[in-house]
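Novice: Task: produce atomic coordinates for the following.
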Amino acid sequence: MVRIPLGIALGVVLPLLPTLSLADLTLAQQKNCMSCHAVSNKVVGPSFESIAEKYGKQNASSKLASKIMRGSSRNWGAISMPPNPQLTPDEAQALVKWIMSLR
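Specialist: Alright, predicted model coming up:
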């Protein structure tokens, strides 16, 4: 069995952690989610942290992915979320996973 010193292992893994959490922030930016949402504060729509709080309690990841792709209305007030047909189901699920990680 090969043993790797902890300092070396952490030196390899720790720099990757911010990249992992930013991977779907990049997707959100590429798919124009950030035009209406921000991570921590309300823009046109609710913050991603607020969405994670609301839907995380309901354990509604598949429901949220559907709302992202098909749009929704009257969930956060008078402004509706338009559909996002440019997203694949896998991209919608990746966004949901990232949003839920913000809880």
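Novice: Just list the residues touching Ala92, thanks.
Specialist: Ala65, Ser66, Ile68, Met69, Asn84 (Cβ atoms under 8 Å, 6 or more residues apart in numbering). (Each C-beta comes from the backbone N, C-alpha and C, glycine too.)
Novice: Equivalent analysis for Ile51, please.
Specialist: His37, Leu64, Ile99.
Novice: next one: Lys42
Specialist: With Cβ under 8 Å, 6+ apart, Lys42 has these contacts: Ser50.
Novice: Now intersect the contacts of Ile51 with the strands, please.
Specialist: Among those, no residue falls in strands (DSSP state E).
Novice: from those residues, which is closest to Gln30?
Specialist: His37 (13.6 Å; Cβ to Cβ).
Novice: Name whatever forms a beta bridge with that closest one.
Specialist: Judged by DSSP bridges, the bridge partners of His37 are Lys42.
Novice: how many neighbours does it have?
Specialist: Neighbours of His37 under the rule other Cβ atoms under 10 Å: 21.
Novice: I'd assumed Glu49 was in contact with it.
Specialist: No. Applying Cβ atoms under 8 Å as the test, His37 and Glu49 come out as separate, 10.0 Å apart.
Novice: thought Val96 was touching Ala65?
Specialist: Yes. Val96 is in contact with Ala65 according to Cβ under 8 Å; the separation is 4.9 Å.
Novice: picking up where we left off before, turn the contacts of Ile51 into JSON lines, columns for distance to Lys31 and pLDDT.
Specialist: Listed next are the contacts of Ile51 as JSON lines, based on distance: Cβ to Cβ, whole Å; pLDDT from 0 to 100:
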{"residue": "His37", "distance to Lys31": "11", "pLDDT": "97"}
{"residue": "Leu64", "distance to Lys31": "15", "pLDDT": "94"}
{"residue": "Ile99", "distance to Lys31": "13", "pLDDT": "96"}
